[in-house]
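J.: Fold the stuff below for me.
(4 chains)
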Protein chains: 4
Amino acid sequence: MAGCHQNLQLNPATRSEAIARLRSIKGHVEGIIRMMEVDSVYCVDVIKQIRAVDGAMVKVGDIILRSHLHDHVVTAGSRGDAGEIIDELMEILKYR
Amino acid sequence: MAGCHQNLQLNPATRSEAIARLRSIKGHVEGIIRMMEVDSVYCVDVIKQIRAVDGAMVKVGDIILRSHLHDHVVTAGSRGDAGEIIDELMEILKYR
Amino acid sequence: MAGCHQNLQLNPATRSEAIARLRSIKGHVEGIIRMMEVDSVYCVDVIKQIRAVDGAMVKVGDIILRSHLHDHVVTAGSRGDAGEIIDELMEILKYR
Amino acid sequence: MAGCHQNLQLNPATRSEAIARLRSIKGHVEGIIRMMEVDSVYCVDVIKQIRAVDGAMVKVGDIILRSHLHDHVVTAGSRGDAGEIIDELMEILKYR
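T.: The predicted structure is shown next:
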């Protein structure tokens, strides 16, 4: 799939922001692992932390999605790859 | 909140499985970070990986949820804390 | 499935509230159909209305879910059908 | 909002298909109401029907979304309203 769009790239500013957020998410996941190493941990407290990480992942996905819409989707009509751009967009939105 | 249920704990088998899955998720997040350090990375490829991590987080949340239902929710009626158990369950399901 | 739980029923108060909400949702769907019969309707305005109906459906589902947790799930341990109650609960939560 | 895009319209073919699906969804909601008028109805059976309607609503939303992407979003760059198109798209995706 990546090969189909060899000249479309995630812009540097969004890339930096997303990397910073993913590093923070990685830290959050490590925190949940440490929390779960305590015998007395309560199920619901863990699920709340998992939901928080989910929310942060959706947020970083949205930042990249907005950047993709701006850099690649709204210009697909004039670039001539609208069909392909729409198919892959519908595919990633399905899992949302 | 944890203090309210000082005698309710995540069972050891579920805890081990969830920790193993969270370690794998952490590795997946690290993989996305490395993938994003390449200049030519394509937005949609990153979003697909983010959706995959989301799916894995939902799955680990479901494993803990099933264990919570089994160990604590179906016995809440006889234990006498049904109101509290239901409120916190509806709260975590809201963010699903 | 219904046959398995011939003695478990949705309580009358929740049933009345859910029916009232579903009647209102039906009216909302009729409103969207009328809105779409106008030639100049804009896609995003329709999608917003669809999302509103979705939100209202999730809400009525949550009202019935809370009632189910209260009337049937927290008592499953003492009633002796916990395994079955948990399986069907996880099944309906999957589609959430 | 509709006023901002007075010249962007849902195309007739998608409109017809969406109306047909919404009429079917309305029939499904009526079926759930009738099902709930029976005293012995079981909570989980109702929730399953509600999830089915939810799924059908998401599907009709996706059909309109795909049409919107094709007719209005991929051409926004050349039309010159990309900022506005992206903002309203992110808004409707948030509720997904």
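
J.: The most centrally placed residue in chain A in helix, strand or coil?
T.: For chain A, residue A:61 is the residue whose C-alpha lies nearest the centre (CA atoms, centre = their mean; 2.5 Å). For residue A:61, the assignment made with DSSP: H, G, I helix; E, B strand; the rest coil gives helix.

J.: Contacts only, for it.
T.: Taking CB atoms under 8 Å, 6 or more residues apart in numbering or on different chains, we find residue A:61 in contact with A:96, B:47, B:50, B:51, B:54. For the C-beta atoms, the positions are set from N, CA and C on the backbone; glycine is no exception.

J.: and the last one, what pLDDT?
T.: It stands for residue B:54. We have a pLDDT of 95 for residue B:54.

J.: ok, it to residue D:66 distance?
T.: Distance of residue B:54 to residue D:66, given as CB to CB, to the nearest Å: 22 Å.

J.: Same list, the contacts of residue A:61, but as a markdown table with secondary structure please.
T.: A markdown table is the format used below for the contacts of residue A:61 (three-state DSSP):
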| residue | secondary structure |
| --- | --- |
| A:96 | coil |
| B:47 | helix |
| B:50 | helix |
| B:51 | helix |
| B:54 | helix |
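
J.: Buried subset of the residues you listed, written for PyMOL?
T.: Buried residues within the contacts of residue A:61, by 16 or more other CB atoms under 10 Å in any protein chain shown, are selected in PyMOL with:
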select buried, chain B and resi 47+50+51+54
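
J.: just checking, what packs against the helix or strand residue A:86 falls within?
T.: For residue A:86, the host element (DSSP states H and E) is helix A:82-94. On a contact count with 3 or more CB pairs under 8 Å, 6 or more residues apart in numbering or on different chains; DSSP states H and E, helix A:82-94 meets helix A:76-79, helix B:43-68, helix D:43-68.

J.: circling back to that earlier point, which of the contacts of residue A:61 lies closest to chain D?
T.: Looking at these and their distance to chain D, the nearest is residue A:96, at 5.1 Å (CB to the nearest CB).

J.: can you give me the end-to-end distance of stretch A:33-48?
T.: One end of stretch A:33-48 to the other measures 13 Å (CA to CA, to the nearest Å).

J.: Just confirm yes or no for it near chain C.
T.: No: Stretch A:33-48 lies out of reach of chain C by CB under 8 Å from any CB of the partner chain, never closer than 12.0 Å.

J.: Give me the mean pLDDT for that stretch.
T.: Rounded mean pLDDT across stretch A:33-48 is 95.

J.: Can you tell me the SS state at residue A:8?
T.: Residue A:8 ends up coil, using three-state DSSP.

J.: thought residue A:25 was touching residue B:29?
T.: Yes: in this structure, residue A:25 is within contact of residue B:29 by CB atoms under 8 Å, at 5.9 Å.

J.: Just the mean pLDDT for stretch A:23-30, thanks.
T.: Here the average pLDDT along stretch A:23-30 is 98.

J.: May I have it as CSV, with CA atoms only?
T.: What follows is stretch A:23-30, C-alpha atoms only, in CSV (Å, rounded to 0.1, in the frame of the first residue of the first chain):
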residue,chain,number,x,y,z
ARG,A,23,6.3,8.2,23.6
SER,A,24,3.9,9.5,26.3
ILE,A,25,1.5,6.7,25.5
LYS,A,26,4.3,4.1,25.8
GLY,A,27,5.1,5.6,29.3
HIS,A,28,1.4,5.2,30.2
VAL,A,29,1.4,1.6,29.1
GLU,A,30,4.5,1.0,31.2
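
J.: what does chain A put close to chain D?
T.: Contacts of chain A with chain D, taken as CB under 8 Å from any CB, map to A:62, A:65-66, A:69-70, A:73-78, A:82, A:85-86, A:89-90, A:93-94, A:96.

J.: Quick one, which of those residues are buried?
T.: A:62, A:65-66, A:69-70, A:73-77, A:82, A:85-86, A:89, A:93.

J.: Just give me the least confident of those.
T.: Within those, lowest confidence goes to residue A:93 (91).

J.: Would you check that residue A:30 makes contact with residue B:27?
T.: No: here residue A:30 does not reach residue B:27: they are 11.4 Å apart, not a contact under CB under 8 Å.

J.: could the contacts of residue A:61 be laid out in TSV, adding distance to residue C:12?
T.: Formatted as TSV, the contacts of residue A:61 follow (distance: CB to CB, whole Å):
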residue	distance to residue C:12
A:96	37
B:47	47
B:50	45
B:51	42
B:54	39
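
J.: Going by distance to residue D:40, which of the contacts of residue A:61 wins?
T.: residue A:96 (37.4 Å; CB to CB).
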